[in-house]
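In: Sequence first, predicted coordinates after that:
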Amino acid sequence: MSATSPPSLYLGLISGTSADGIDAALVGFDGDRPRLLFARTYPWEPTLRARLVELGQEDAPLLLDDLGELDVRIGHAFAAAALQALADSGTPAAAVAAIGSHGQTLRHRPHGRAGDGRFPFTLQLGDPSVLAERTGVTVVADFRRRDVAAGGHGAPLLPALHAALLAAPGEARAVLNLGGIANLTLLPPGGEVRGFDCGPANGLMDAWCRRHTGAAFDAGGAFAAAGRVDPVLLERLLDDPWFALPPPKSTGRDQFHLGWLDARLRGGEAPADVQATLLALSVRTTVDALRAAQPATSRVIACGGGVLNPGLMAALAGALGDCALDSCAAHGLDPDAVEAMGFAWLARQTLLGRPGNLPGVTGAAGPRVLGGIYRA
């Protein structure tokens, strides 16, 4: 890059529903096509992560002073991750056009607090001013609220990127993101891109595993493999009305959390059986949603942390039958980096004055340029 060339790299940052780390992705662009140059996940400071997990539960209290302090603390954590990513990749800050920061979601209420459609909101923390000040790089943040203000869910926001990277002529595909929450992007050949959240993926399994083993997640799916699916419990979980809602739809840990699960337990279930049942819930809700929305799907391409759970992937493959299941790694994409790549892409969209949402996915009144710009 010459001294007079404008910076062309973007750094995407996100901590997902599970708050299992801050994902960073350095992205270059060949025309409008993103190209991953570097990706790494940076751990949360343990006490801060514990607080974030606690606050993801619906009934966790939070004072205004706590909220303000937490916003700044998360901003510093994201700044530390950004600076480390730049150092680890050997990238000078001056080479980066912008950081696209998703922040950490604490609440997602697209139907409002009472569920009546009044005053919908979504709340992501991680002060972008702190991030811009510490890194010296322009920051684009707060991507979801403009879509919500336009009547949308503010989620999912990555189907347009999925379509650009993974659509194929002549094949009906779906991209399945297995994060704390599962969401689907539907890619019919020559048809409209659609997408929606379909249920819990890793979020409930991680929380239950942490409660009973102390581990942050079920490594290798071993905890679930030690148990058996409880069909009565599974049906009780599936009875939640949210699963029957039509798209557009979105959710989060404030809906599917341990309190939600505890209210549906009879008492006395073996912890490993509950873990196996939660895995089955993730599989069943995903496959049911896919069959209802795009029954002709011939290939599902999975990304996100759930790709690393062999038990979950094997169960999905079995439930999908003749429909092929791939990791996005087979298509040249790092499963752990796709979401962070997406926020690098969204930051570029914003700086170019282009919409970042798909109204047919989120339900917004129209295309919108997303996020606020915090200049370096």
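Out: Arrived safely.

In: list the buried ones in the helix or strand bottoming out on mean pLDDT in the chain?
Out: Of the helices and strands making up the chain, the lowest-confidence element is helix 46-55, at a mean of 89, by mean pLDDT, DSSP states H and E. Of the residues in helix 46-55, those buried by neighbour count under the rule 16 or more other C-beta atoms under 10 Å are Leu48, Arg49, Arg51, Leu52, Val53, Leu55. (Each C-beta comes from the backbone N, C-alpha and C, glycine too.)

In: out of the residues you listed, who's nearest Leu279?
Out: Proximity of those to Leu279 was ranked by C-beta to C-beta; the top entry is Val53 with 19.7 Å.

In: tell me the contacts of the nearest residue to that closest one once chain neighbours are set aside?
Out: Distances taken as C-beta to C-beta, 6 or more residues apart in numbering put Ala19 closest to Val53, at 5.7 Å, once the chain neighbours are dropped. Under the criterion of C-beta atoms under 8 Å, 6 or more residues apart in numbering, the contact partners of Ala19 comprise Trp44, Arg49, Leu52, Val53, Gly56, Gln104, Gly180.

In: just to revisit the earlier point, which of the buried residues of helix 46-55 lies closest to Leu312?
Out: Using C-beta to C-beta, Val53 comes nearest to Leu312 of those, at 20.3 Å.

In: Let me know whether that closest one touches Ala207 as I believe.
Out: Yes: using C-beta atoms under 8 Å, Val53 and Ala207 qualify as a contacting pair, with a distance of 7.3 Å.

In: quick one: the strands in this protein?
Out: 9-15, 22-30, 33-42, 96-109, 121-125, 139-141, 173-178, 181-187, 194-200, 299-303, 324-327, 372-374 (DSSP state E).

In: Dump those to TSV, plus distance to Ala315 and mean pLDDT.
Out: Output for these, formatted as TSV (distance: least, C-beta to C-beta, whole Å; pLDDT from 0 to 100):
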stretch	distance to Ala315	mean pLDDT
strand 9-15	26	97
strand 22-30	25	97
strand 33-42	25	96
strand 96-109	27	95
strand 121-125	31	95
strand 139-141	36	98
strand 173-178	12	97
strand 181-187	13	97
strand 194-200	14	96
strand 299-303	12	98
strand 324-327	10	98
strand 372-374	41	98
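
In: hang on, the earlier thing: from the contact counts, what lies against the least confident helix or strand of the chain?
Out: helix 64-89, strand 96-109 (3 or more C-beta pairs under 8 Å, 6 or more residues apart in numbering; DSSP states H and E).

In: These: which one's closest to Gly306?
Out: For the helices and strands packed on helix 46-55, the distance to Gly306 is smallest for strand 96-109, at 17.8 Å, taking C-beta to C-beta.

In: Convert the closest one to PDB, retaining C-alpha atoms only.
Out: The C-alpha atoms that make up strand 96-109 are tabulated as PDB, following Å, rounded to 0.1, in the frame of the first residue of the first chain:
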ATOM      1  CA  VAL A  96      -7.400  -0.300   8.600                       C
ATOM      2  CA  ALA A  97     -10.200   1.700   7.200                       C
ATOM      3  CA  ALA A  98     -12.600   0.800  10.100                       C
ATOM      4  CA  ILE A  99     -13.400  -1.600  12.900                       C
ATOM      5  CA  GLY A 100     -16.900  -3.100  12.700                       C
ATOM      6  CA  SER A 101     -17.800  -3.800  16.300                       C
ATOM      7  CA  HIS A 102     -21.000  -5.800  17.100                       C
ATOM      8  CA  GLY A 103     -20.400  -5.500  20.900                       C
ATOM      9  CA  GLN A 104     -22.000  -7.900  23.400                       C
ATOM     10  CA  THR A 105     -25.800  -8.400  23.300                       C
ATOM     11  CA  LEU A 106     -27.400  -8.100  26.800                       C
ATOM     12  CA  ARG A 107     -31.100  -7.900  25.700                       C
ATOM     13  CA  HIS A 108     -32.900  -8.500  22.500                       C
ATOM     14  CA  ARG A 109     -36.600  -7.500  22.500                       C
END
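
In: thinking again about what came up before, any idea which of the helices and strands packed on helix 46-55 is most buried?
Out: Of all those, strand 96-109 has the most neighbours on average by mean count of other C-beta atoms under 10 Å, namely a mean of 25.

In: Neighbouring strands of that strand in the sheet, and parallel or not?
Out: Neighbouring strands of strand 96-109 in its sheet, by DSSP bridges, are strand 9-15 (parallel), strand 121-125 (antiparallel), strand 139-141 (parallel).

In: In CSV, list those strands along with mean neighbour count and distance to Phe217.
Out: Output for those, formatted as CSV (neighbours: other C-beta atoms under 10 Å; distance: least, C-beta to C-beta, whole Å):
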stretch, mean neighbour count, distance to Phe217
strand 9-15, 28, 15
strand 121-125, 20, 22
strand 139-141, 29, 27
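
In: ok, back up a step: could the strands of the chain go into a markdown table alongside distance to Leu63?
Out: What follows is the strands of the chain, written out as a markdown table (distance: least, C-beta to C-beta, whole Å):
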| stretch | distance to Leu63 |
| --- | --- |
| strand 9-15 | 22 |
| strand 22-30 | 25 |
| strand 33-42 | 28 |
| strand 96-109 | 13 |
| strand 121-125 | 14 |
| strand 139-141 | 23 |
| strand 173-178 | 33 |
| strand 181-187 | 27 |
| strand 194-200 | 28 |
| strand 299-303 | 37 |
| strand 324-327 | 43 |
| strand 372-374 | 25 |
